[in-house]
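Chemist: Take a look and give me a structure for this.
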Amino acid sequence: MVSPLPPHRGIMTGEQARVLRGHILHPHTAWKAESFVGAAAGDRLGSKSESASRPISFGEQRLRDVSYDFLGRVAVVTGGSNGIGAQIARQYHAAGATVVIWDLAEPKNLEVPCSFHRVDISEPSQINAATSEVVEQHGKIDFLSHNAGFAGPTLPVTRYDPEVWARIIEVNLNGTFHVCQSVVPEMERGGFGRIVNMASLAGKEGTPNASAYSAAKAGVIAFTKALAKELAETDIRVNCIAPAAVKTDILDQMTPEFVETMIQKSPMKRLGSTAEAAELVMWLSSSACTFNSGAVFDLSGGRATY
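Modeler: Predicted coordinates for the structure are as follows:
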């Protein structure tokens, strides 16, 4: 018999997921995998077809044999209207969390219930207003998945417009500070929190012709480490993810030759998927993540050198 999950449960084995579906089925956990990651029809979380011995097809973006129980949790996802953020929002919802999206554009084709707040993360007043509204509506904020940002133009340093440089820093680095400064007090009041900032491999290695973005994401990594140390004696964990190229709609704006160059830089010779990024966020959000804080989690297919 599978033992019941402990308080503040966050991670379940496939067998525990089946027990939950058999005895305390919740509408958020009774999903089919294909409803949000494109797996084959009929496969469900924890099913025998998803056993550890079965080869995983990354093209199908199948769910793994671990699921999460975030019932009662409230998740704020910045940049959640598309791309990696949208997939994170889907998986939070699939695990039972209440999802709140902060973004400039309303979500399209998200296909999960959520509340939306139009927020420019470079504007502290908008962030503070959104935080107050979330707490008023839901009583707390448990998870912050911070993905909002933009890369800016690809130009050498000698040709970079100082105003554009400043805007990239303002959104990507200062925006991370503003969001965390607003949300952390609510987590402290609740006695629990998980913050996952989306950094970039560019912040670890530096990407030529993307100096502003590289500098901003390096700042996000250092900020994450500093904040984690400040909160180390609480039950708030602060980590970040440093992805290389991930397959999103933005790649459609690039030439096939440029995309192929990125693929060839990866030892695995492929792009990452939004599902892989979201699954890492799920673990970092769970109560299983207890002794990891201030860490940078590589998501580059082995490309990162440290």
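Chemist: which residues of the stretch 201-306 of the chain fall in strands?
Modeler: According to DSSP state E, counting those that start in this stretch, the stretch 201-306 of the chain carries its strands in the segments 236-243, 296-299.
Chemist: Could I get the buried residue list for the longest helix along the chain?
Modeler: Counting by DSSP state H, the longest helix found in the chain is helix 211-230. Going by neighbour count (16 or more other Cβ atoms under 10 Å), the buried part of helix 211-230 is 211-225, 227-228. To be clear about C-beta, it is placed using only N, CA and C from the backbone, and glycine gets the same treatment.
Chemist: Show me the beta-bridge partners of N197.
Modeler: Note on N197: beta-bridge partners by DSSP bridges are H146, C240.
Chemist: Please report the number of neighbouring residues for K265.
Modeler: 14 (other Cβ atoms under 10 Å).
Chemist: contacting residues for it?
Modeler: By Cβ atoms under 8 Å, 6 or more residues apart in numbering, the residues touching K265 are A244, R303.
Chemist: State the distance from it to S200.
Modeler: 14 Å (Cβ to Cβ, to the nearest Å).
Chemist: again with R270
Modeler: Counting by Cβ to Cβ, the gap from R270 to S200 is 18 Å.
Chemist: hang on, the earlier thing: how far away from the center of its chain is the longest helix of the chain?
Modeler: Relative to its chain's centre, helix 211-230 lies at 16 Å (Cα atoms, centre = their mean, to the nearest Å).
Chemist: Strand 236-243 and that helix, what's the angle between them?
Modeler: 150 degrees (axes from the mean of the first three to the mean of the last three Cα atoms, to 10 degrees).
Chemist: and helix 211-230, what other elements does it pack with?
Modeler: Counting contacts by 3 or more Cβ pairs under 8 Å, 6 or more residues apart in numbering; DSSP states H and E, helix 211-230 packs against helix 162-169, helix 175-190, strand 193-198, helix 202-205, strand 236-243.
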